[in-house]
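# Just to be clear, the model below is a prediction. Sequence and coordinates:
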Amino acid sequence: MAEQGSVRSVREVLAGRAEAEVTVQGWLRSARHGKGVSFLDLYDGSSFDGLQVVVDPDLENHAEVAALGTGAAVRVHGEVVDSPGQNQPLELRAKTVTVVGGVDSDYPLQKKRHSFEFLRTIGHLRLRTNTFGAIVRVRNAASQAVHAFFQERGFLQVHAPIITASDAEGAGDMFRVSALDPEKPPRAADGTVDWSRDFFGKPAFLTVSGQLEAEIAALALSNVYTFGPTFRAENSNTARHLAEFWMIEPEMAFCDLTGNIDLAEAFLKHVFAAVLESCPDDMEFFAKRIDETVIDTLRHVIDSPFERITYSEAIEILERADAEFEFPVKWGVNLQSEHERYLAEQHVRRPVVVTDYPADIKAFYMYLNDDEKTVRAMDVLVPRIGEIVGGSQREDRLDVLTRRIGEHGLSPEDYWWYLDLRRYGSTPHSGFGVGFERVVQFMTGMANIRDVIPFPRVPGAAEF
């Protein structure tokens with residue numbers, strides 16, 4: 001057997017970057033045993049395609065190999081040769097095959113198409129399928145593209161805390177973090193839980209956003225971004241929601257709403273182009289098996305300037321639309337997914353940025369316009385999924401921010417540090433948030449957001 005140092009990935013072998021004689025290791029997608037000769041389809045996760053391994057009958061342990069089936073783990077040493085077949089240029093002629101891990105007869109993944117509903121019931125195995133292997137590779141390429149985009153522009157990555165006492169959204173749908181005994185929590189004089197005796201001395205939660213901490217960093221370091229897990233305790237058991245997901249949140253000092261929109265447009269185009277370049281085989285699979293339009297849609301986004309309209313203009317367009325909406329449209333309501341998709345898919349037929357939303361439906365930290373009715377918010381809408389980016393110019397005026405916090409039913413005392421930022425060298429600043437899973441869902445065409453994250457957290461499900 002070859003030394004471990006000479007082990008090559010399937011990707012390297014298929015690309016012709018390996019020696020003439022190599023060792024590969026992985027799992028069998030399938031095994032065909034003919035008259036003496038066995039054909040093993042071996043994959044290791046490094047590429048969409050597997051490597052065909054040809055095992056001749058004179059192999060010392062051929063009988064053992066001839067009994068192998070889908071799912072077995074093997075290590076193969078052999079010679080890389082031209083393949084007579086049309087599906088791949090190279091194959092491996094085995095000189096030794098070592099069975100590393102056998103597989104029981106009830107292995108649930110066989111060489112056939114399984115429904116995504118079924119695969120969610122075996123989350124510990126679904127990453128071995130073509131679809132989910134491709135999703136992980138696309139996630140990986142997109143993640144690398146995110147960092148490259150910001151690093152090339154001089155942004156600094158800041159690691160925002162996962163445990164926080166601040167609700168950046170003011171929505172209240174947060175997971176509580178506590179070290180108190182749930183059976184016998186300490187009580188205050190009025191009978192309520194005495195949170196001062198908890199681990200942090202106050203109520204604490206899993207973060208819904210790293211934005212507020214990113215603002216702290218931006219007002220010291222100019223351009224920063226966070227990329228980490230965030231949490232929402234919404235009991236939304238839908239194909240669009242997760243309880244745990246990853247957020248990308250840049251924040252820029254000395255930046256207004258226009259600069260914010262420009263960055264968001266450049267960001268999406270960069271990530272989409274990088275994934276198309278890095279994962280051509282995976283993207284071809286999604287176009288063939290999931291949504292035939294995904295590649296063309298991404299190229300259209302990359303090549304098209306984003307349309308920009310105000311919320312008021314969007315409402316006028318929707319009110320005139322020759323379409324039946326489930327949710328009524330009028331000025332002052334939140335745009336629903338059906339409204340967002342109409343604007344992107346049917347009205348402009350490309351991504352559209354909606355700006356200047358009513359203040360009453362947006363967060364307290366968004367810059368209040370002179371009309372006192374709207375804020376400098378922006379949402380980027382794309383076909384198929386609607387909103388993919390949400391952001392705003394932040395309120396940098398101390399008096400206005402203090403008033404807005406109170407109007408949202410929050411306590412200024414809880415945001416003393418946030419207000420301090422407006423007292424000590426305040427500047428106009430802006431930022432946006434991107435749900436990473438939304439981006440991956442858009443790129444792959446997957447219908448359910450639970451299928452674009454390896455281990456989805458949703459109501460009633462927290463395995464592993």
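Good, I have the coordinates. Remember, it's a predicted structure, so these values are computed and weren't measured experimentally.
# now the helices for the stretch 101-250 of the chain?
116-120, 130-152, 211-221 (DSSP state H, counting those that start in this stretch).
# just those: most buried one?
helix 211-221 (a mean of 21; mean count of other C-beta atoms under 10 Å). Any C-beta I mention is one placed from the backbone N, CA and C, and that applies to glycine too.
# Show residues contacting it.
When contacts are defined by C-beta atoms under 8 Å, 6 or more residues apart in numbering, helix 211-221 is touched by residues 156, 158, 160-161, 164, 166, 168, 224-226, 249-253, 365, 394, 417-418, 421, 425-427, 429, 431, 433.
# Just the buried residues out of these, in ChimeraX syntax.
The ChimeraX selection below is limited to those of these classed as buried (16 or more other C-beta atoms under 10 Å):
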select :158,160,164,166,168,224,225,226,249,250,251,252,253,365,394,418,421,426,429,431,433
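# where do the strands sit along the stretch 301-450 of the chain?
For the stretch 301-450 of the chain, the strands defined by DSSP state E, counting those that start in this stretch cover 307-310, 352-358, 374-382, 386-393, 429-435.
# So in that sheet, which strands flank the second one, and in what orientation?
Strand 352-358 has these partner strands in its sheet, going by DSSP bridges: strand 307-310 (parallel), strand 374-382 (antiparallel).
# Quick check: residue 333 vs residue 324, distance?
Noted for residue 333: a distance of 16 Å to residue 324, by C-beta to C-beta, to the nearest Å.
# if we can go back for a sec, in a markdown table: the strands of the stretch 301-450 of the chain, plus mean pLDDT and distance to residue 209.
Formatted as a markdown table, the strands of the stretch 301-450 of the chain follow (pLDDT from 0 to 100; distance: least, C-beta to C-beta, whole Å):
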| stretch | mean pLDDT | distance to residue 209 |
| --- | --- | --- |
| strand 307-310 | 98 | 24 |
| strand 352-358 | 98 | 17 |
| strand 374-382 | 97 | 14 |
| strand 386-393 | 96 | 10 |
| strand 429-435 | 97 | 6 |
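# Could you export these to a markdown table, including columns for distance to residue 257?
Shown next, in a markdown table, are the strands of the stretch 301-450 of the chain (distance: least, C-beta to C-beta, whole Å):
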| stretch | distance to residue 257 |
| --- | --- |
| strand 307-310 | 10 |
| strand 352-358 | 7 |
| strand 374-382 | 4 |
| strand 386-393 | 4 |
| strand 429-435 | 6 |
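# ok, back up a step: could you save the strands paired with strand 352-358 as TSV and add columns showing distance to residue 173?
As requested, the strands paired with strand 352-358 are exported to TSV (distance: least, C-beta to C-beta, whole Å):
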stretch	distance to residue 173
strand 307-310	28
strand 374-382	19
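# who wins for proximity to residue 188 among the ones you listed?
strand 374-382 (37.3 Å; C-beta to C-beta).
# what angle sits between the closest one and strand 429-435?
40 degrees (axes from the mean of the first three to the mean of the last three C-alpha atoms, to 10 degrees).
# which of the residues in strand 374-382 are buried?
Under the neighbour-count criterion of 16+ other C-beta under 10 Å, strand 374-382 has 374, 375, 376, 377, 378, 379, 380, 381, 382 buried.
# for stretch 40-54, same thing?
By neighbour count on 16+ other C-beta under 10 Å, the buried set for stretch 40-54 is 40-44, 46-54.
# If you average the pLDDT over that stretch, what comes out?
Averaging pLDDT along stretch 40-54 gives 96.
# first to last residue in that stretch, what's the distance?
Criterion C-alpha to C-alpha, to the nearest Å; first-to-last residue distance in stretch 40-54 is 7 Å.
# Then stretch 145-165?
31 Å.
# How about residues contacting it?
177, 200, 202-207, 210, 213-214, 217, 221, 223-229, 248-250, 266-267, 270-271, 274-275, 278, 414, 436.
# thinking again about what came up before, as JSON lines, the helices of the stretch 101-250 of the chain with distance to residue 97 and mean pLDDT would be great.
Listed next are these as JSON lines, based on distance: least, C-beta to C-beta, whole Å; pLDDT from 0 to 100:
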{"stretch": "helix 116-120", "distance to residue 97": "29", "mean pLDDT": "95"}
{"stretch": "helix 130-152", "distance to residue 97": "23", "mean pLDDT": "98"}
{"stretch": "helix 211-221", "distance to residue 97": "52", "mean pLDDT": "97"}
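# Mind putting the ones you listed into CSV with distance to residue 101?
CSV is the format used below for the helices of the stretch 101-250 of the chain (distance: least, C-beta to C-beta, whole Å):
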stretch, distance to residue 101
helix 116-120, 21
helix 130-152, 18
helix 211-221, 44
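# Can you check which of those helices gets nearest to residue 454?
Closest among the helices of the stretch 101-250 of the chain, using C-beta to C-beta: helix 130-152, at 6.5 Å.
# that older thread, between the strands paired with strand 352-358, which gets nearest to residue 9?
strand 374-382 (33.9 Å).
# which residues touch that closest one?
Taking C-beta under 8 Å, 6+ apart as the rule, strand 374-382 contacts 256-257, 260-261, 264-265, 268, 301, 306, 311-312, 335, 340-341, 343-344, 351-359, 362, 366-369, 387-393, 432, 442.
# PyMOL command for the buried members of these?
Buried members of the contacts of strand 374-382, defined by 16+ other C-beta under 10 Å, are picked up in PyMOL with:
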select buried, resi 257+260+261+264+265+268+301+306+311+312+335+340+341+343+344+351+352+353+354+355+356+357+358+359+362+366+367+368+369+387+388+389+390+391+392+393+432+442
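# quick one on the thing from earlier: select, out of the helices of the stretch 101-250 of the chain, the one closest to residue 235.
helix 116-120 (18.5 Å).
# Now do the closest one: which elements does it pack against?
Judged by 3 or more C-beta pairs under 8 Å, 6 or more residues apart in numbering; DSSP states H and E, the packing partners of helix 116-120 are helix 130-152.
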